[in-house]
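Q: Could you look at this predicted model? Sequence included:
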Amino acid sequence: QKEVEQDPGPLSVPEGAIVSLNCTYSNSAFQYFMWYRQYSRKGPELLMYTYSSGNKEDGRFTAQVDKSSKYISLFIRDSQPSDSATYLCAMSHPGAGGTSYGKLTFGQGTILTVHP
Amino acid sequence: DVKVTQSSRYLVKRTGEKVFLECVQDMDHENMFWYRQDPGLGLRLIYFSYDVKMKEKGDIPEGYSVSREKKERFSLILESASTNQTSMYLCASSPPGTSGSGEQFFGPGTRLTVL
């Protein structure tokens, strides 16, 4: 079983829809939770990060962490064609790698297409 | 503006060749990482380095080696390329893990094809 599971999709939605992307994880030591966005033929870039449980909002994007369920979500409101990309969840804990080397554990990524 | 650059966007090599992938970051970051990305498998960590001349194996180090002679440069070496090493290779860097979330900054990737 992988430490982080993410449905690879693909997910196709009409413009304006609310999109929900999710990851589950098994390691209760994870404390930092991130979402990366990767456009085609580009490297991933950080979209949002959350420390521990709770919600965080940034414009049309909301990240949620439920540590009790080991479940994180990214919601995209009023989705746009420019949101079409692969979304990767990533997690870390302070002791990753035996010391704080900043190792991240990634989900498989979800391919999202928003069509006009 | 932070920047991670990779020496090639596309590379085609033959089986058995020695392949060098170069990565340079201009953010004075201590940590550097090499991943490969394959459909359905996500990002898998090959090697990482937390200081000059230091390296640690990741999850899939077999068939690869790395070199870090200078802080800003981290090289991935395929000693004898094989077709199953055809993949997208991504380099990333980050400041020390104690300084925050461990956000990693990625380069644009090198798509390597081994024939």
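A: Perfect, I can see it now. Numbers count the residues shown, from 1 in each chain, chains lettered A, B, ... in the order given.
Q: Now for B:Lys3, how many residues are close by?
A: 11 (other C-beta atoms under 10 Å in any protein chain shown). C-beta here means a position set from N, CA and C on the backbone, and glycine is covered the same way.
Q: Which pLDDT value belongs to it?
A: Per-residue pLDDT puts B:Lys3 at 90.
Q: How about it, nearest residue that isn't a chain neighbour?
A: Of all residues not flanking B:Lys3 in the chain, B:Asp26 sits nearest, at 5.0 Å (C-beta to C-beta, 6 or more residues apart in numbering or on different chains).
Q: Strands of the chain, start to end?
A: Using chain A here. A:4-6, A:11-14, A:19-25, A:32-38, A:45-51, A:54-58, A:61-66, A:71-76, A:85-92, A:105-106, A:110-115 (DSSP state E).
Q: right idea, wrong chain: chain B
A: Under DSSP E, chain B gives strands at B:4-6, B:10-13, B:19-25, B:31-38, B:42-49, B:56-57, B:64-70, B:73-78, B:87-94, B:105-106, B:110-114.
Q: Rebuild the ones you listed as JSON lines, extending it with mean neighbour count and distance to A:Ser40.
A: Formatted as JSON lines, the strands of chain B follow (neighbours: other C-beta atoms under 10 Å in any protein chain shown; distance: least, C-beta to C-beta, whole Å):
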{"stretch": "strand B:4-6", "mean neighbour count": "18", "distance to A:Ser40": "17"}
{"stretch": "strand B:10-13", "mean neighbour count": "14", "distance to A:Ser40": "14"}
{"stretch": "strand B:19-25", "mean neighbour count": "19", "distance to A:Ser40": "20"}
{"stretch": "strand B:31-38", "mean neighbour count": "23", "distance to A:Ser40": "12"}
{"stretch": "strand B:42-49", "mean neighbour count": "22", "distance to A:Ser40": "16"}
{"stretch": "strand B:56-57", "mean neighbour count": "14", "distance to A:Ser40": "30"}
{"stretch": "strand B:64-70", "mean neighbour count": "16", "distance to A:Ser40": "25"}
{"stretch": "strand B:73-78", "mean neighbour count": "20", "distance to A:Ser40": "23"}
{"stretch": "strand B:87-94", "mean neighbour count": "24", "distance to A:Ser40": "11"}
{"stretch": "strand B:105-106", "mean neighbour count": "20", "distance to A:Ser40": "14"}
{"stretch": "strand B:110-114", "mean neighbour count": "18", "distance to A:Ser40": "12"}
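Q: could I get the ones you listed as JSON lines with distance to A:Glu3?
A: Output for the strands of chain B, formatted as JSON lines (distance: least, C-beta to C-beta, whole Å):
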{"stretch": "strand B:4-6", "distance to A:Glu3": "25"}
{"stretch": "strand B:10-13", "distance to A:Glu3": "31"}
{"stretch": "strand B:19-25", "distance to A:Glu3": "25"}
{"stretch": "strand B:31-38", "distance to A:Glu3": "15"}
{"stretch": "strand B:42-49", "distance to A:Glu3": "11"}
{"stretch": "strand B:56-57", "distance to A:Glu3": "17"}
{"stretch": "strand B:64-70", "distance to A:Glu3": "22"}
{"stretch": "strand B:73-78", "distance to A:Glu3": "23"}
{"stretch": "strand B:87-94", "distance to A:Glu3": "18"}
{"stretch": "strand B:105-106", "distance to A:Glu3": "20"}
{"stretch": "strand B:110-114", "distance to A:Glu3": "26"}
